[in-house]
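Asker: Here is a sequence with its predicted model. Questions after.
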Amino acid sequence: MQIPTPFRSLSLVLAIAFAGVLAGCAPTPDAPAASTPAETGRAAELEPTPIPTPEACAALDFAPGSAIAGTSLADCLMAAMSAAGTGAQRVDTDVDGLGATSASFRWQPAFGMLVQRAGVEMVIDDQRGWLYDGARWVAADPNSDDEALATAAMIGQSLRPFADPRNLGQSLAMVETWTVLAEDEVPAADAARTTAWHLEPAAPIPLEDVVLTDVALWIGADGLPAYYTATEGYEGQTATTSNTFLQWGGPVDIPTPSEE
């Protein structure tokens with residue numbers, strides 16, 4: 001499995017920091033129109049985009065009671081997402097003041113995603129981020145003396161762990177085995193599929209400075225995730241987060257700020 005950048009978990013530290021940043025940022029109602037993945041989720045089942053099942057997934061035993069190695073499951077998921085080429089998800093958390101994050105992403109010609117939360121829009125790739133300030137795209141620069149550029153960098157640092165779907169691959173590989181419970185209905189009504197294989201890890205998932213408990217994954221035999229949830233603990237605080245995957249394959253609208 002290849003994850004091009006060392007990613008952090010969905011950390012309470014970053015979540016709380018992001019809430020503080022938002023307090024000083026006004027919403028941008030005039031931001032450019034972007035895709036609305038929530039409207040394309042379950043509807044995508046009516047005209048699904050054909051996505052071949054990767055070899056890494058075909059070798060796995062998705063059957064009740066089966067145990068699947070975490071690294072193998074992660075390889076399957078990463079290969080499936082790359083094969084899909086594009087996707088969209090919504091991330092919900094119970095941290096006060098945060099609400100939902102929406103993200104559309106693509107793998108070609110290079111990985112990039114459009115992240116939207118509470119009136120804030122940001123385009124992020126593996127190296128940089130651009131924040132829309134209501135009139136233009138501002139390139140993030142954590143070392144800049146320009147407050148707008150430094151703020152863009154701070155927001156990008158907070159958004160990336162929430163929105164990048166490749167973080168899920170990292171977390172799956174951190175557990176030795178996952179147990180297949182059953183083929184169940186996906187908990188979110190707007191997920192890209194109605195039923196999927198329900199898996200749970202053999203143990204809590206340690207991710208840097210936090211531990212994930214109450215972890216559950218709904219994933220298709222083709223390796224494409226439908227829903228993921230976990231509770232994160234850090235210094236006596238907890239936050240429960242869910243990722244609802246709304247779309248796999250098909251068009252997504254991601255601006256290219258570097259060319260605008």
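Answerer: That came through fine.
Asker: Could you pull up the residues touching D141?
Answerer: 149-150, 152-153 (C-beta atoms under 8 Å, 6 or more residues apart in numbering). Quick note: C-beta positions are derived from backbone N, CA and C, even for glycine.
Asker: so which of those residues is the most crowded?
Answerer: The residue in these with the most neighbours, by other C-beta atoms under 10 Å, is A152 (26 neighbours).
Asker: quick check, that one in a strand?
Answerer: No - going by DSSP: H, G, I helix; E, B strand; the rest coil, the assignment for A152 is helix, not a strand.
Asker: With respect to A135, which of the contacts of D141 is nearest?
Answerer: Among these, A152 lies closest to A135 (C-beta to C-beta), at 13.6 Å.
Asker: Closest to R117 out of the contacts of D141?
Answerer: Using C-beta to C-beta, those come closest to R117 at A152, 13.8 Å.
Asker: shouldn't that closest one be in contact with A139?
Answerer: Yes - contact criterion C-beta atoms under 8 Å: A152 and A139 qualify, at 7.0 Å.
Asker: Give me the common contacts of those two.
Answerer: With C-beta under 8 Å, 6+ apart as the test, A152 and A139 both reach 129-130.
Asker: rewinding a little: can I get the contacts of D141 in JSON lines including pLDDT?
Answerer: Output for the contacts of D141, formatted as JSON lines (pLDDT from 0 to 100):
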{"residue": "L149", "pLDDT": "81"}
{"residue": "A150", "pLDDT": "81"}
{"residue": "A152", "pLDDT": "78"}
{"residue": "A153", "pLDDT": "79"}
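Asker: out of everything not next to it in sequence, what's closest to F105?
Answerer: Nearest in space to F105, with sequence neighbours left out and distances taken as C-beta to C-beta, 6 or more residues apart in numbering, is M113 at 3.8 Å.
Asker: what about that neighbour, how many neighbours?
Answerer: Other residues close to M113 by other C-beta under 10 Å number 24.
Asker: what's whichever strand or helix holds it in contact with?
Answerer: Assigned by DSSP states H and E, M113 belongs to strand 112-117. The contact list for strand 112-117, computed with C-beta under 8 Å, 6+ apart, reads 18, 22, 34-35, 98-106, 121-125, 159, 162-164, 252-255.
Asker: same thing with stretch 63-73?
Answerer: 1, 56, 59-62, 172-183, 199, 201-202, 219.
Asker: Narrow these to those that are buried.
Answerer: 1, 56, 60, 62, 172-175, 177-178, 180, 199, 201, 219 (16 or more other C-beta atoms under 10 Å).
Asker: residues contacting A216?
Answerer: Taking C-beta under 8 Å, 6+ apart, one finds 198-200, 227-230 in contact with A216.
Asker: I'd like the distance between it and V252.
Answerer: 26 Å (C-beta to C-beta, to the nearest Å).
Asker: Repeat that for A182.
Answerer: 31 Å.
Asker: With W130 instead?
Answerer: 17 Å.
Asker: Below-threshold pLDDT in this protein: ranges please.
Answerer: 1-49, 97, 158, 161-162, 258-260 (pLDDT under 70).
Asker: What strands flank the longest strand along it, and is each parallel or antiparallel?
Answerer: Longest strand of the chain, by residue count under DSSP state E: strand 237-248. Strand pairing for strand 237-248, using DSSP bridges, gives strand 86-93 (antiparallel), strand 225-234 (antiparallel).
Asker: How far does it sit from its chain's centre?
Answerer: 8 Å (C-alpha atoms, centre = their mean, to the nearest Å).
Asker: Quick check: buried residues in that strand?
Answerer: 239, 241-248.
Asker: now the helices for the chain?
Answerer: For the chain, the helices defined by DSSP state H occupy 12-23, 55-58, 70-84, 147-163, 166-173.
Asker: want to throw the ones you listed into JSON lines with distance to L207?
Answerer: Formatted as JSON lines, these follow (distance: least, C-beta to C-beta, whole Å):
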{"stretch": "helix 12-23", "distance to L207": "12"}
{"stretch": "helix 55-58", "distance to L207": "22"}
{"stretch": "helix 70-84", "distance to L207": "13"}
{"stretch": "helix 147-163", "distance to L207": "10"}
{"stretch": "helix 166-173", "distance to L207": "6"}
